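Novice: Sharing a model prediction with you, sequence too.
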Amino acid sequence: MAEFPSKVSTRTSSPAQGAGVSVSALRPDLGFVRSSLGALMLLQLVLGLLVWALIADTPYHLYPAYGWVMFVAVFLWLVTIILFILYLFQLHMKLYMVPWPLVLMIFNISATVLYITAFIACSAAVDLTSLRGTRPYNQRAAASVLVTSRRPQLDCRRCLLQ
């Protein structure tokens, strides 16, 4: 059996020096914002905010179709914010066990399907729930157009290269 060494060297450190995420490590990566993925995610955030702001300003709770549009717009807007923050601060590199290209691809494909269903629901309900030329009609029609333009980016070349 091996003997215990006669001298044992121990060192202690303060919690600030220990392992973990430091404040300086959370610097934003401005190169990501300038990339095509970052620019498209910013566009998604702006258009998503416009969609749910336009629908939220009308009495959408009276019509189930607009409830679905609100759910899709707000839910996917929040998920886009989370993914944008993960990539902006390079937190996806710290979570290396998650296959991020696959996560982005699944998110974008499912978001596309949800946006298409929201567009169909919003477009079908505009004429049924509002009078032409009124403010709610114009807002819902604009939201319908924005839903179609807010399809997520499917930049699979970038996903596969990572």
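Specialist: Arrived safely, thanks for sending. Numbering: from 1, shown residues only.
Novice: And the helix or strand where L114 lies, how far out from the chain middle?
Specialist: Assessed by DSSP states H and E, L114 sits inside helix 100-129. Helix 100-129 sits 13 Å away from the centroid of its parent chain (C-alpha atoms, centre = their mean, to the nearest Å).
Novice: now for that helix, which elements pack on it?
Specialist: Judged by 3 or more C-beta pairs under 8 Å, 6 or more residues apart in numbering; DSSP states H and E, helix 100-129 is in contact with helix 64-88, helix 135-149, helix 156-161. In short, each C-beta sits where N, CA and C put it, glycine included.
Novice: For that helix, the averaged confidence score.
Specialist: Throughout helix 100-129, pLDDT has a mean value of 87.
Novice: Could you export the helices and strands packed on helix 100-129 to CSV, including columns for mean neighbour count?
Specialist: Shown next, in CSV, are the helices and strands packed on helix 100-129 (neighbours: other C-beta atoms under 10 Å):
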stretch, mean neighbour count
helix 64-88, 18
helix 135-149, 19
helix 156-161, 12
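Novice: Tabulate those helices in CSV, adding columns for mean pLDDT and distance to T10.
Specialist: Listed next are the helices and strands packed on helix 100-129 as CSV, based on pLDDT from 0 to 100; distance: least, C-beta to C-beta, whole Å:
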stretch, mean pLDDT, distance to T10
helix 64-88, 93, 38
helix 135-149, 71, 62
helix 156-161, 42, 46
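Novice: Compare these and give me the one nearest L47.
Specialist: Smallest distance to L47 across the helices and strands packed on helix 100-129 (C-beta to C-beta): 5.6 Å, for helix 135-149.
Novice: which strands and helices sit next to that closest one?
Specialist: Packing contacts for helix 135-149, counted by 3+ C-beta pairs under 8 Å, 6+ apart, involve helix 36-56, helix 64-88, helix 100-129.
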